[in-house]
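**Q** mind looking at a prediction? Sequence and model below.
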Amino acid sequence: MNSTPIQSAFLAALAATTLIAGTVSPALARANDPAKESTAKQDDQSDKAMQKKYCVQGPSTGTMFPKRECHTRAEWIAATGQDPAKTKKN
């Protein structure tokens, strides 16, 4: 089989490109793992949930205006030991 130097160089470049693409593809597939993305998303959502403010209106004496107390979820849990997101609303 008689091949010219240009054909040989082309085939060598094609083979090298194929080998590189074959080794890079699995690495890229692992980088876009949906399980890792969902875990990161859940962590982000739980952080946002802990920073959300919950307000409670309590009775106040001597005024017609109710007293309103607002804290983040983490602050309510630390202060009262109760999770405001899981309490029943009347």
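**A** In hand now; what should we look at?
**Q** state the mean pLDDT of stretch 55-68.
**A** Mean pLDDT, computed over stretch 55-68, is 83.
**Q** for stretch 20-33, that is, sorry about that
**A** Per-residue scores along stretch 20-33 average to 61.
**Q** show the backbone phi and psi for Ala49.
**A** phi -70, psi -40 (degrees, to the nearest 10).
**Q** any idea how many residues pack against it?
**A** Ala49 has 12 neighbours, counted by other C-beta atoms under 10 Å. C-beta coordinates here come from the backbone N, C-alpha and C atoms, glycine included.
**Q** could you do Trp76 as well?
**A** Trp76: 20 neighbours (other C-beta under 10 Å).
**Q** okay, and it sits in which element?
**A** helix 73-80 (DSSP states H and E).
**Q** so which elements touch that helix?
**A** helix 34-51 (3 or more C-beta pairs under 8 Å, 6 or more residues apart in numbering; DSSP states H and E).
**Q** can you give me the buried ones in the following helix or strand past the helix it packs on?
**A** Per DSSP H and E, helix 34-51 leads on to strand 53-58 as the next helix or strand towards the C-terminus. Using 16 or more other C-beta atoms under 10 Å as the test for burial, strand 53-58 gives no buried residues.
**Q** so what strands line up beside strand 53-58?
**A** strand 67-72 (antiparallel) (DSSP bridges).
**Q** residues in contact with the partner strand?
**A** 50-60, 79 (C-beta atoms under 8 Å, 6 or more residues apart in numbering).
**Q** again, 10 Å this time
**A** Contacts with strand 67-72, where a contact means C-beta atoms under 10 Å, 6 or more residues apart in numbering, come from 49-61, 76-80, 84.
**Q** re earlier: need the residues that contact the helix holding Trp76.
**A** 46-47, 49-54, 56, 69-72, 82-87.
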